[in-house]
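> no FASTA, just this:
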């Protein structure tokens, strides 16, 4: 029996133990976006440090500092970034694993059918239900499972393993980017490749490898006029209303078919190549998957290829809300004095955030001028995360593809994603190493939503996959 086969067998034997450990992790409500749970985030980090030390890891921490909570003057200490090392053999490659131990908020009254922080084992439907099960505690524990299984077998890992685990991913990863750059030539200097398990399969029945993410630039478009809210019966029809101006401007940003109307916005989008086009063939995805996810038949595009291209490799503009306008139930005849429309643009290679912002501001100013309004109009960039693209032909991806075949017996889909994980680009640029997104969970896991789950089979086979990936990396030809 090979070492890999021994490892697979050990994982199967440990199934209930792994589930019990996931239950312990889920029970810690490490919600980074709620100040009242900051100590729970710290407690979750301490739990992981204890588990890693128990397995013989050398554990260090880096402290990102403090944050001013939402600009309120309330100063909170940021949870530590955990750096752990297992193995330092110079003859072996070194894989850096990233994950996050914080989670999104969750309340039973949100619509959960079970307590969000009590792991429910649903054997009938192969589900492990609980907040953080798939995002991202399950995948982090998958790596710990790999280490533990090798220790139980008295086997050395085929590579050196380094961990970088943070507790603020769900709240903007404050302070992490600086730590990564500061440690690029220190803690991270011997890293051969990076692996992140913080995304999901394209569908529900076939693994994938993800090599690209869209970026995101977020804007606040503010219209203001009167010094205070006004009564529409007294002032309606006599003044320029900020909300009317705002609605008009928002309507000029994107049409009902999803086309962005800002001139020049598509100029830097990389054209699709025949090699890239080939990756859209035979993907484990159908329009029915989209319909199931959305809960309705409202797709803009009539075929899978066009749908996925507009989700992955073309920009999109979305409207998110209006701040300052009346939105409570009932009627209120108010003219708001100041309103802010919020919208974002998902960016792709080779779009440039500074250029996009220039185009947005110039276009909005031009459209506002056409209104002849006496209100004031401003556009503010509030967040800017860049897009990311890696080469699926890199040896790191080849190793992962071979590992998928070892565990699942199929070649993985090669995918990009429409969302953003800014730290992916940070690792790539700071370390100058290939970054791989190797998901454990499925597309229907409901991360950030109610009844978040990780399929039990994905947790167990995912643990096997992470281990098989390390063996394939060890044998990869650079």
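Yep, that arrived. Being a predicted model, the structure only gives us computed values, none of them experimental.
> ok, the residue nearest the centre of the chain - contacts?
Centroid-nearest residue in the chain, with CA atoms, centre = their mean: residue 421, separated by 4.6 Å. When contacts are counted by CB atoms under 8 Å, 6 or more residues apart in numbering, residue 421 touches 196, 198-199, 213, 388, 437. Backbone N, C-alpha and C define where each C-beta goes, glycine included.
> farthest-separated two in the residues you listed?
Within the contacts of residue 421, 198 and 388 form the most distant pair, 12.8 Å apart (CB to CB).
> the more surrounded of these two?
The residue with more neighbours, out of residue 198 and residue 388, is residue 388; 26 against 23, by other CB atoms under 10 Å.
> confidence score at the more buried one?
Turning to residue 388, the model gives it a pLDDT of 96.
> what bridges to it?
Per DSSP bridges, the residues bridged to residue 388 are residue 213.
> so it makes contact with residue 212?
Yes - Residue 388 lies in contact with residue 212 (CB atoms under 8 Å); the separation is 6.4 Å.
> any idea which element the nearest residue to residue 214 once chain neighbours are set aside lies in?
Once flanking residues are discounted, residue 214 sits nearest to residue 346: 4.3 Å by CB to CB, 6 or more residues apart in numbering. For residue 346, the element it lies in under DSSP states H and E is strand 338-347.
> what mean pLDDT does the helix or strand just after that strand get?
For strand 338-347, the following helix or strand on the C-terminal side (DSSP H and E) is helix 353-371. Regarding helix 353-371, the rounded mean pLDDT is 98.
> report pLDDT for residue 1.
pLDDT, residue 1: 79.
> I'd like to know how many residues surround the residue nearest to it when sequence neighbours are not counted.
Distances taken as CB to CB, 6+ apart place residue 9 nearest to residue 1, at 7.7 Å, with adjacent residues excluded. When neighbours are defined as other CB under 10 Å, residue 9 has 13 of them.
> with residue 349 instead?
15.
> just to check, it is in contact with residue 270?
Yes - between residue 349 and residue 270 there is a contact under CB under 8 Å: 4.9 Å.
> return the closest of the contacts of residue 421 with respect to residue 326.
residue 213 (36.8 Å).
> quick one: contacts for that closest one?
Contact partners of residue 213, counting by CB under 8 Å, 6+ apart, are 387-389, 416-417, 419-421, 424-425, 437.
> buried members of those residues into PyMOL, please.
Listed next is the PyMOL selection for buried residues among the contacts of residue 213, using 16 or more other CB atoms under 10 Å:
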select buried, resi 387+388+389+416+417+420+421+424+425+437
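> looking at the contacts of residue 213, which are in helices?
424-425 (DSSP state H).
> ok, the contacts of residue 213 vs residue 132, which is closest?
For residue 132, the nearest member of the contacts of residue 213 is residue 421. The distance, counting by CB to CB, is 16.7 Å.
> can you tell me how far the closest one is from residue 397?
In this view, residue 421 and residue 397 are 17 Å apart by CB to CB, to the nearest Å.
> next one: residue 138
Here residue 138 is placed at a distance of 22 Å from residue 397 (CB to CB).
> helices of the stretch 1-150 of the chain, start to end?
Using DSSP state H, counting those that start in this stretch, the helices found in the stretch 1-150 of the chain span residues 3-13, 15-26, 38-54, 137-152.
> need those in CSV with distance to residue 458, can you?
As requested, those are exported to CSV (distance: least, CB to CB, whole Å):
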stretch, distance to residue 458
helix 3-13, 13
helix 15-26, 12
helix 38-54, 21
helix 137-152, 8
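> could you check the angle the strand holding residue 346 makes with helix 353-371?
Calculated by axes from the mean of the first three to the mean of the last three CA atoms, to 10 degrees, strand 338-347 forms an angle of 140 degrees with helix 353-371.
> now for strand 338-347, which elements pack on it?
strand 215-224, helix 242-251, strand 316-323, helix 353-371 (3 or more CB pairs under 8 Å, 6 or more residues apart in numbering; DSSP states H and E).
> which one of these lies nearest to residue 264?
Closest among the helices and strands packed on strand 338-347, using CB to CB: helix 353-371, at 5.1 Å.
> can you pull out the residues in contact with the next helix or strand after that closest one?
Moving toward the C-terminus from helix 353-371, the next helix or strand (DSSP H and E) is strand 376-385. Strand 376-385 is touched from outside by 215-225, 245, 249, 344, 353, 357, 360-361, 364-365, 368, 420, 422, 425, with contacts defined as CB under 8 Å, 6+ apart.
> okay, buried residues for stretch 152-161 please.
For stretch 152-161, using 16+ other CB under 10 Å, the buried residues are 157-161.
> one more: stretch 160-180?
Across stretch 160-180, burial judged by 16+ other CB under 10 Å covers 160-171, 173-177, 179-180.
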